[in-house]
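# Below are the sequence and a predicted model for it; my questions follow.
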Amino acid sequence: MGGYLSALFCGTLFGLGLTLAQMTNPEKVLGFLDVAGHWDPSLALVMAGALTTLALMQHLARRRSAPVLASSFNEPKKARIDVRLLTGAALFGIGWGLSGICPGPAIAALSHGRIEIYVFTAAMFAGMGLFQRLHRP
Amino acid sequence: MENFTPHSALAGGGLIGLSAGLLWLFNGRVAGISGITGGLFSSRSRDIGWRLCFLAGLLLGPLIFRIVGDETASLHISPSLAVLSIAGLLVGYGTGLGNGCTSGHGICGLTRLSPRSVAATLTFMIVAAVTVYIVRHWPGAGSW
């Protein structure tokens, strides 16, 4: 139960952060990616703020052998840089560049009730389902 | 740089980092949105509950923000629905294949200095910037 509440709280904070930083607005994100246009460096500062805060929190977590509400830390295990990683990142990059929307902002923007976000998110779910079907039998 | 919003960007980023830090400290989970969402589509995953709770919060946060009342939360979306559906498919499939997105690789992975995440982040940033360049500045393109 505690784990569910903390996940709900963390998700809420994440959504608040994305909205405050205007990262749910695709045009804002495209303004960062459009280095040859009227460049808007805001997204770089969002990442800087997130990286600094997370680094401090992970420093605190390092003193613990297990999370507060779970039995172990789920550390990502893969270490090798392979074709699959780079292909996936490149395909994601094309989709992100075409739309200015990545998975967090897609879900965070659903409550705006915009057809564009519904269409994007439905297609994103389809892509995730397709991946599971093809690669994780 | 007339659109640059440094203060809200830093503060919003701080909240995102706090969220990712708390999820790690309390649940032992990486706050990668594509990973959290993609796990819902996996037949093997038994841990659906915390994922749904996190995503419910991700929906709720922006609602709270707008109820408290701020006009900056409006969206400007220029691509057509056809382009958005292709983009959505690529984002869903690509983040599955590449094990992460802007949050999982770009924030959580970079903080851990994971070589995989550094490689993935550089790749999707450069490819996305090139894509935007082609769509907006290539002669003859830009009609969508």
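Looks like it arrived, so ask away.
# Relative to B:Gly88, how far out is the residue nearest the centre of chain A?
Centroid-nearest residue in chain A: A:Gly104, 4.4 Å away (criterion: C-alpha atoms, centre = their mean). Separation of A:Gly104 from B:Gly88 (C-beta to C-beta, to the nearest Å): 14 Å. Using the backbone N, CA and C atoms, a C-beta is placed for each residue, glycine as well.
# got it, and B:Arg29?
Shown here: B:Arg29 relative to B:Gly88, a distance of 25 Å by C-beta to C-beta.
# For these two, work out which one has more neighbours and name it.
Neighbour count, other C-beta atoms under 10 Å in any protein chain shown: between B:Arg29 and B:Gly88, B:Gly88 has more, with 28 against 25.
# Using the three-state scheme, assign the residue nearest to that one when sequence neighbours are not counted.
Using C-beta to C-beta, 6 or more residues apart in numbering or on different chains and skipping the chain neighbours, the partner closest in space to B:Gly88 is A:Ala123 (2.8 Å). Recorded secondary structure, A:Ala123: helix (DSSP: H, G, I helix; E, B strand; the rest coil).
# A:Pro26 is in contact with A:Gly99, correct?
Check again: residue A:99 is Ser, not Gly. Yes: counting by C-beta atoms under 8 Å, A:Pro26 is a contact partner of A:Ser99 at 6.1 Å.
# Could you pull up the contacting residues of the one residue sitting closest to the centre of chain B?
The C-alpha lying nearest the average C-alpha coordinate of chain B belongs to B:Thr102 (C-alpha atoms, centre = their mean; 4.7 Å). Listed by C-beta atoms under 8 Å, 6 or more residues apart in numbering or on different chains, the contact partners of B:Thr102 are A:96, A:102-104, B:33, B:124.
# Of these, which belong to helices?
Among these, the residues falling in helices (DSSP state H) are A:96, A:103-104, B:33, B:124.
# quick one: A:Trp39 and chain B, what's the gap?
Distance of A:Trp39 to chain B, computed by C-beta to the nearest C-beta, to the nearest Å: 6 Å.
# Let me know how buried that residue is, in neighbour terms.
Residues within reach of A:Trp39, counting by other C-beta under 10 Å, total 14.
# Kindly list the main-chain dihedrals of A:Ala36?
With angles defined as degrees, to the nearest 10, A:Ala36 sits at phi -90, psi 0.
# From B:Val130, how far off is it?
For A:Ala36, the distance to B:Val130 - C-beta to C-beta - is 10 Å.
# hmm, back to that, closest one to A:Leu86 out of the contacts of B:Thr102, please.
When the contacts of B:Thr102 are compared for distance to A:Leu86 (C-beta to C-beta), B:Phe124 wins out at 9.5 Å.
# Which residues are in contact with the nearest residue to that closest one once chain neighbours are set aside?
Distances taken as C-beta to C-beta, 6+ apart put A:Gly93 closest to B:Phe124, at 3.7 Å, once the chain neighbours are dropped. By C-beta under 8 Å, 6+ apart, the contact list for A:Gly93 reads B:94, B:123-128, B:131.
# from those, which would you call buried?
Buried members of the contacts of A:Gly93, counted by 16 or more other C-beta atoms under 10 Å in any protein chain shown: B:94, B:123-125, B:127-128, B:131.
# where in the chain is pLDDT low?
Using chain A. For chain A, residues meeting the criterion pLDDT under 70 lie at A:136-137.
# oops, I was thinking of chain B
The model of chain B has pLDDT under 70 over residues B:1, B:43-45, B:70-73, B:141-144.
# Mind jotting down where the helices sit in it?
For chain B, helices defined by DSSP H occupy the ranges B:6-22, B:33-38, B:48-68, B:81-97, B:110-111, B:115-137.
# other SSEs contacting the longest one?
The one in question is helix B:115-137. Other elements packing on helix B:115-137 under the criterion 3 or more C-beta pairs under 8 Å, 6 or more residues apart in numbering or on different chains; DSSP states H and E are helix A:26-33, helix A:83-99, helix B:110-111.
# Any idea how many residues pack against the closest residue to B:Ile36 other than its chain neighbours?
Distances taken as C-beta to C-beta, 6+ apart place B:Arg51 nearest to B:Ile36, at 5.1 Å, with adjacent residues excluded. Residues within reach of B:Arg51, counting by other C-beta under 10 Å, total 19.
# With the one 3 residues further on instead?
B:Phe54 sits with 28 neighbouring residues when counted by other C-beta under 10 Å.
# so how far is chain A from it?
Per C-beta to the nearest C-beta, B:Phe54 is found 4 Å from chain A.
# Thanks again, I'm all set now.
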